[in-house]
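**Q** what follows is a predicted protein model with its sequence.
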Amino acid sequence: MAKAKKSAARKPVRKKTSRIAAPGKPARRKDAGSGASEREALIRRIASALGIAAVEAELRALRELAERVAPQAPTTPEATHVKAKAAHDHPGALPERLYLLLDGRGLEGRGMPVEVIEQPTIVGSERHCTVWVNSPQIETRHLQFVQDDGDWYLEDLGSTHGTFLGDERVIRRRVEHGDEYRLAGYLRLRTELR
């Protein structure tokens, strides 16, 4: 027993030293796992807000960031619609997203894109509409966007001043990428499919 105490006493005690990173190399963090947990928490938060799976939420967030940081050249409407149909025919593929760009009098954030998330998305002058337009010429519930079998549709809700594509009054129409509608003769509404 005395021998065991002597050999234990002879072992050198190692001092803990702090590590300093070499020039050009980042210092190692003790809590390296916190980045992963923050990432998971953000993904869960986005998925919960949109009511979609975590994998889809992460992909959408990355797409949106990529679009802001490194936007791609616009595609032709035909190519966009073919891509959307291909995604619709393959289960598990992400659905086509619709964005609205509004430009006209009485709007804040002219031309700012609004993603259509709720269905139906109501555009009108009533404050409870999904897209609120502050104008007396726009009906309280002017038009709506709905998705049917993978395609997006615009439906005029019986507005007095109408919804037009060119000179043609629209009652119900399948939305195409780049369509420019006129509401009440002055408000421009452009649709983008991504």
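**A** Alright, I've got the coordinates.
**Q** C-terminal to the one helix or strand in the chain whose mean pLDDT sits lowest, what's the next element?
**A** When the helices and strands of the chain are scored by mean pLDDT, DSSP states H and E, helix 77-89 comes last with a mean of 51. Counting by DSSP states H and E, the next helix or strand C-terminal to helix 77-89 is strand 98-103.
**Q** which other helices and strands contact that next one?
**A** Identification of packing neighbours for strand 98-103 by 3 or more Cβ pairs under 8 Å, 6 or more residues apart in numbering; DSSP states H and E yields strand 113-115, strand 143-148, strand 187-193. Using the backbone N, CA and C atoms, a C-beta is placed for each residue, glycine as well.
**Q** which helix in the protein has the most residues?
**A** Counting by DSSP state H, the longest helix found in the chain is helix 33-50.
**Q** about what we covered before: format the helices and strands packed on strand 98-103 as TSV; extra columns: distance to residue 67, mean neighbour count and mean pLDDT.
**A** What follows is the helices and strands packed on strand 98-103, written out as TSV (distance: least, Cβ to Cβ, whole Å; neighbours: other Cβ atoms under 10 Å; pLDDT from 0 to 100):
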stretch	distance to residue 67	mean neighbour count	mean pLDDT
strand 113-115	10	14	80
strand 143-148	20	18	90
strand 187-193	11	19	87
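**Q** in what helix or strand does residue 161 lie?
**A** Assigned by DSSP H and E, residue 161 falls within no helix or strand.
**Q** any idea how many residues pack against it?
**A** By the criterion of other Cβ atoms under 10 Å, residue 161 has 16 neighbours.
**Q** swap in residue 53?
**A** 12.
**Q** wait, it touches residue 47, no?
**A** Yes - if you go by Cβ atoms under 8 Å, residue 53 and residue 47 touch, sitting 6.4 Å apart.
**Q** got the domain ranges for the protein?
**A** 35-72, 98-193 (automatic domain parsing).
**Q** who's in contact with the closest residue to residue 57 other than its chain neighbours?
**A** Leaving out its chain neighbours, the residue that sits closest to residue 57 by Cβ to Cβ, 6 or more residues apart in numbering is residue 47, at 3.8 Å. If you count contacts by Cβ atoms under 8 Å, 6 or more residues apart in numbering, residue 47 has them with 53-54, 56-57.
**Q** how does it look with 10 Å?
**A** By Cβ atoms under 10 Å, 6 or more residues apart in numbering, the contact set of residue 47 is 53-58, 60-61.
**Q** same check on residue 119?
**A** Listed by Cβ under 10 Å, 6+ apart, the contact set of residue 119 reads 130, 144-148, 152.
**Q** okay, those in TSV with distance to residue 117 next?
**A** Compiled in TSV, the contacts of residue 119 are given as follows (distance: Cβ to Cβ, whole Å):
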residue	distance to residue 117
130	8
144	13
145	10
146	13
147	11
148	16
152	12
